[in-house]
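Chemist: have a look; sequence and predicted model below, questions after that.
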Amino acid sequence: MPASRRGSGSIVLPSGQTMAMHTRTHDEEDLPHATKKTMADHLRKYESLFTLTPQRMRMIVEAFKDTLELGLSKHKQTVPMIPTYVFGWPTGQEKGDYLSVDLGGTNLRVCLVTLEGEGKFEVTQTKYRLTEEQKQEEGQKLFDFCAECLKTFVDTNLQDENSGLKLQPGEKLPLGFTFSYPCTQERIDHGELIRWTKGFGAPNTEGHDVAAMFRASLEKFELPIELTALINDTTGTLIASNYVNPKNKIAVIFGTGCNAAYMEYVKDIPKIHDVGIGLDGQMAINCEWGAFDSFEHEHLPRTKYDQIVDETSNKPGEQAFEKLISGRYLGEILRLVLCELIDEGVLFLGQNTYKLEVPYAFDTAFLSLLESDPTDELLMAIGIFTHFFALETTLAERQFFRALAKLIGRRAARLSACGIAAIVSKMGYLEEGCSVGADGSLYNKYPGFADRVHEGLQDVFGDKGRNIVTHHAEDGSGVGSAIIAAMTKARKDAGIYVDL
């Protein structure tokens, strides 16, 4: 059997089994497999494609600011800048027992949060796994499942003699419902779903009031619970982070999706000036900034790989910013580059690459592993490619994979910095500085992501960029939701904007 062009191949044994082999010859360097030189040549091409200069970043920040202003001025903009009806910051002294339900992209989480004041709290929680089928079946059935899990949680945790929580007859526990999908809100306990994201597609939900749908499910299970506030996890993160540390002015999520929230002056939200709220107050804004530069694609540095990700997604043209940044897409971007190099005859010659040619087969977690591999031989990369894709790799290839992962990961972090910089610049936080509460798998688990965001902020603002510091946020979808339920109950009990 002649050796394959790359020096690897397979032979069929008499038993019929196929055995992989790798030939090593003295003239191996003459074989047209991926040598250091050729991989370095290819890397230069991708460096120019995925590198974001400080000048380009500043241009993106200016366009981003204009987009934020437009969303505050008019309804139904690409970046909707959703008023949340969360009025102002928490005092830090909120106290009491509150329930929160978080319908996330992967799990349903139910929490009992005991707020103790002084920025302190205790949480009891249970997670329930969502199946892919549940994400696609009838919307009301999805909310029935949420209510059923909540009933299980209440029966388990609140009927216990030792829980210290006893409801009086007729008393209802306030509930904050974290629903992290774009909704238009006319008041805090209402939310009309604009569109599903994160792979959900439950019919008969878009265009409906999801708070009303959940209330119907709560009544079905006869739960002693009052849905007090419908919030987005990013808004919850903003409030929870500020409850613990009042220097927190912005919240960002970099996970399966990406989003931001901050506190805006009501006078600077023209589209709600007819609602009858005093213009001297403040309201939290859920940006839904993952949609920045969607449809027109004028500002973001999209490569052909990003365009393929977009065109083959379930929402082509939408969520343009998110598709360059979020954990759902980074692995796919890298996979598309590898597939291109396979087609050009550069990688994995003489090997069967079908496993790598499956869309989304390359997980974003693999990029984290490639970047954090401490070994000279890059053993982590060997493990990934042999175990998941049955592919042999050379050291030159593995070094290239790691460098490519860094380029894609670094671009995501620097674009994230552009979004933060737009809010900082708009609100005038640069001089005095502020903390940014950040959450999500990409921020928490991707090596060096936070450092690259900080580096990006300094590239945009110069040395003053050091005044803006991100840190791991408090649990917004659990604790933040409970604090907002407490703030809302206190506000309405005091007779302030009771219809909002």
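Modeler: Thanks, I have it. Numbers count the residues shown, from 1 in each chain.

Chemist: all strands of the stretch 1-150 of the chain, in order?
Modeler: Ranges of strands in the stretch 1-150 of the chain, per DSSP state E, counting those that start in this stretch, are 8-12, 18-22, 82-87, 95-103, 107-117, 120-129.

Chemist: which stretch among the ones you listed comes nearest Ile231?
Modeler: The minimum distance between Ile231 and the strands of the stretch 1-150 of the chain falls on strand 82-87, with 6.7 Å, by Cβ to Cβ. C-beta: built from backbone N, CA, C; applies to glycine.

Chemist: same question for that closest one, mean pLDDT?
Modeler: Here strand 82-87 scores 94 as its mean pLDDT.

Chemist: can you list the strands that that strand pairs with?
Modeler: The strands beside strand 82-87 in its sheet (DSSP bridges) come out as strand 282-286 (antiparallel).

Chemist: need the next SSE after the strand it pairs with, C-terminal direction.
Modeler: The C-terminal neighbour of strand 282-286 among helices and strands, as given by DSSP states H and E, is helix 304-311.

Chemist: buried stuff in stretch 464-473?
Modeler: 465, 467-470, 473 (16 or more other Cβ atoms under 10 Å).

Chemist: same deal with stretch 280-290?
Modeler: 282-290.

Chemist: take those residues and write them to CSV, including distance to Asn314 and pLDDT.
Modeler: Formatted as CSV, those follow (distance: Cβ to Cβ, whole Å; pLDDT from 0 to 100):
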residue, distance to Asn314, pLDDT
Gln282, 36, 95
Met283, 32, 96
Ala284, 29, 97
Ile285, 27, 97
Asn286, 22, 94
Cys287, 22, 96
Glu288, 17, 93
Trp289, 20, 96
Gly290, 14, 94
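
Chemist: returning to that earlier point: please identify the most buried of the strands of the stretch 1-150 of the chain.
Modeler: Of all these, strand 82-87 has the most neighbours on average by mean count of other Cβ atoms under 10 Å, namely a mean of 24.

Chemist: now the helices: where do they sit in the stretch 251-400 of the chain?
Modeler: Secondary structure of the stretch 251-400 of the chain, counting by DSSP state H, counting those that start in this stretch: helices at 304-311, 320-325, 330-343, 364-372, 379-389, 395-427.

Chemist: next: the stretch 51-200 of the chain.
Modeler: 54-73, 132-136, 139-157.

Chemist: let's have the ones you listed in CSV, adding mean neighbour count.
Modeler: Formatted as CSV, the helices of the stretch 51-200 of the chain follow (neighbours: other Cβ atoms under 10 Å):
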stretch, mean neighbour count
helix 54-73, 18
helix 132-136, 13
helix 139-157, 18
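
Chemist: just send the ones you listed back as a markdown table, with mean pLDDT too.
Modeler: Converted to a markdown table, the helices of the stretch 51-200 of the chain look like this (pLDDT from 0 to 100):
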| stretch | mean pLDDT |
| --- | --- |
| helix 54-73 | 97 |
| helix 132-136 | 91 |
| helix 139-157 | 92 |
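
Chemist: which of those sits closest to Asp439?
Modeler: Using Cβ to Cβ, these put helix 54-73 closest to Asp439, at 20.5 Å.

Chemist: from Cys149, how far out is Gly495?
Modeler: 34 Å (Cβ to Cβ, to the nearest Å).

Chemist: how far does stretch 285-297 sit from the chain's center?
Modeler: Distance of stretch 285-297 from its chain centroid, counting by Cα atoms, centre = their mean, to the nearest Å, is 14 Å.

Chemist: endpoints of that stretch, how far apart?
Modeler: 24 Å (Cα to Cα, to the nearest Å).

Chemist: now swap in stretch 188-202 and tell me
Modeler: Using Cα to Cα, one end of stretch 188-202 lies 23 Å from the other.

Chemist: next, the buried residues of it.
Modeler: Result for stretch 188-202 [16+ other Cβ under 10 Å]: buried residues 188-198, 200, 202.

Chemist: my read: Leu378 touches Arg402, true?
Modeler: Yes. Assessed by Cβ atoms under 8 Å, Leu378 is found in contact with Arg402 at 6.4 Å.

Chemist: in this structure, where is pLDDT below threshold?
Modeler: Within the chain, the stretches with pLDDT under 70 are 1-37, 159-167.

Chemist: Leu347: which of the buried residues of stretch 280-290 is nearest?
Modeler: Gly290 (31.8 Å).

Chemist: tell me how far Asp233 lies from Phe177.
Modeler: 11 Å.

Chemist: neighbour count: those two, which is higher?
Modeler: With neighbours defined as other Cβ atoms under 10 Å, Asp233 and Phe177 compare such that Asp233 has more, 31 against 27.

Chemist: just to revisit the earlier point, what touches both of Leu378 and Arg402?
Modeler: Leu370 (Cβ atoms under 8 Å, 6 or more residues apart in numbering).

Chemist: picking up where we left off before, and the buried residues of stretch 464-473 as a markdown table, adding distance to Arg335?
Modeler: Formatted as a markdown table, those follow (distance: Cβ to Cβ, whole Å):
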| residue | distance to Arg335 |
| --- | --- |
| Gly465 | 33 |
| Asn467 | 38 |
| Ile468 | 33 |
| Val469 | 34 |
| Thr470 | 28 |
| Ala473 | 30 |
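
Chemist: one step back: can you redo the helices of the stretch 251-400 of the chain as JSON lines with distance to Leu108?
Modeler: As requested, the helices of the stretch 251-400 of the chain are exported to JSON lines (distance: least, Cβ to Cβ, whole Å):
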{"stretch": "helix 304-311", "distance to Leu108": "28"}
{"stretch": "helix 320-325", "distance to Leu108": "22"}
{"stretch": "helix 330-343", "distance to Leu108": "25"}
{"stretch": "helix 364-372", "distance to Leu108": "22"}
{"stretch": "helix 379-389", "distance to Leu108": "29"}
{"stretch": "helix 395-427", "distance to Leu108": "27"}
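
Chemist: closest to Glu226 among the buried residues of stretch 188-202?
Modeler: Checking the buried residues of stretch 188-202 one by one against Glu226 (Cβ to Cβ), the nearest turns out to be Asp189, at 8.9 Å.

Chemist: residues contacting the closest one?
Modeler: 211, 227-230, 488.

Chemist: from Pro54, how far off is it?
Modeler: Asp189 is 44 Å from Pro54, by Cβ to Cβ.

Chemist: likewise for Phe400?
Modeler: 26 Å.

Chemist: tell me the contacts of Gly119?
Modeler: Taking Cβ under 8 Å, 6+ apart as the criterion, Gly119 is in contact with 92, 243-245.

Chemist: switch the cut-off to 7 Å
Modeler: 92, 243-244 (Cβ atoms under 7 Å, 6 or more residues apart in numbering).

Chemist: and Gly92, by the same measure?
Modeler: Taking Cβ under 7 Å, 6+ apart as the test, what Gly92 contacts is 118-119, 243, 246.

Chemist: widest-spaced pair of those residues?
Modeler: The most widely separated members of these, counting by Cβ to Cβ, are Glu118 and Pro246 (12.2 Å).

Chemist: higher neighbour count, the two?
Modeler: Comparing Glu118 with Pro246 by other Cβ under 10 Å, the one with more neighbours is Pro246, at 14 against 11.

Chemist: doesn't that one fall inside a strand?
Modeler: No. Membership of Pro246 in a strand is not supported by DSSP: H, G, I helix; E, B strand; the rest coil, which gives coil.

Chemist: where's it relative to Glu431, distance?
Modeler: For Pro246, the distance to Glu431 equals 18 Å [Cβ to Cβ].

Chemist: what about Ala212, how many neighbours?
Modeler: Every residue meeting other Cβ under 10 Å relative to Ala212 is counted, giving 15.

Chemist: show the backbone phi and psi for it.
Modeler: Phi and psi for Ala212, reported as degrees, to the nearest 10, are phi -70, psi -40.

Chemist: no further questions, thank you.
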